[in-house]
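Student: just the structure for this:
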Amino acid sequence: MIFFKINGKEISSPKEIEYSYEILDKTERTISGIMVIDEIGKKKIINVTWDYLKQKDMKILKEELMKNGFTTISYRESTNGDLTTLTTRAGDFSYSPTYDWVNDLIIWKNVSITFEER
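Tutor: Numbering: from 1, shown residues only. Purely as a prediction, here's the structure:
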């Protein structure tokens with residue numbers, strides 16, 4: 001089962017996909033002091049984390065993130081479990097390399113990235 005894709009390319013299933021929303025609004029007060037809020041919209045924020053990624057998956061992820069403009073991600077929606085596609089802007093991206101002595105290769109641990117809906 002596919003859990004996560006970036007620009008149509010499947011990579012290993014993440015450990016965690018966290019969902020949140022950013023509310024876009026304009027807040028003011030009237031002369032009498034009553035707060036008035038104009039809600040412009042709600043945008044999804046998707047935080048994706050992996051404990052470990054192999055070099056192949058890390059290469060795909062970095063290449064797709066380094067492209068100019070927006071990124072399309074597909075992930076399992078929290079409400080019904082269906083694969084949902086969203087156009088996003090990549091935000092914070094962190095990772096650390098580690099060496100796997102048993103298999104003689106570099107793997108990437110604690111990979112984390114934030115995607116904000118366009």
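
Student: three-state assignment of the residue nearest to W50 when sequence neighbours are not counted?
Tutor: Leaving out its chain neighbours, the residue that sits closest to W50 by C-beta to C-beta, 6 or more residues apart in numbering is V111, at 4.4 Å. C-beta: built from backbone N, CA, C; applies to glycine. Of the three states, V111 takes strand according to DSSP: H, G, I helix; E, B strand; the rest coil.

Student: run the chain-centre distance for stretch 48-61.
Tutor: The chain centre lies 13 Å from the centre of stretch 48-61; the measure is C-alpha atoms, centre = their mean, to the nearest Å.

Student: how about stretch 55-72?
Tutor: 12 Å.

Student: give the buried residues for that stretch.
Tutor: Across stretch 55-72, burial judged by 16 or more other C-beta atoms under 10 Å covers 57-58, 60-61, 64, 70-71.
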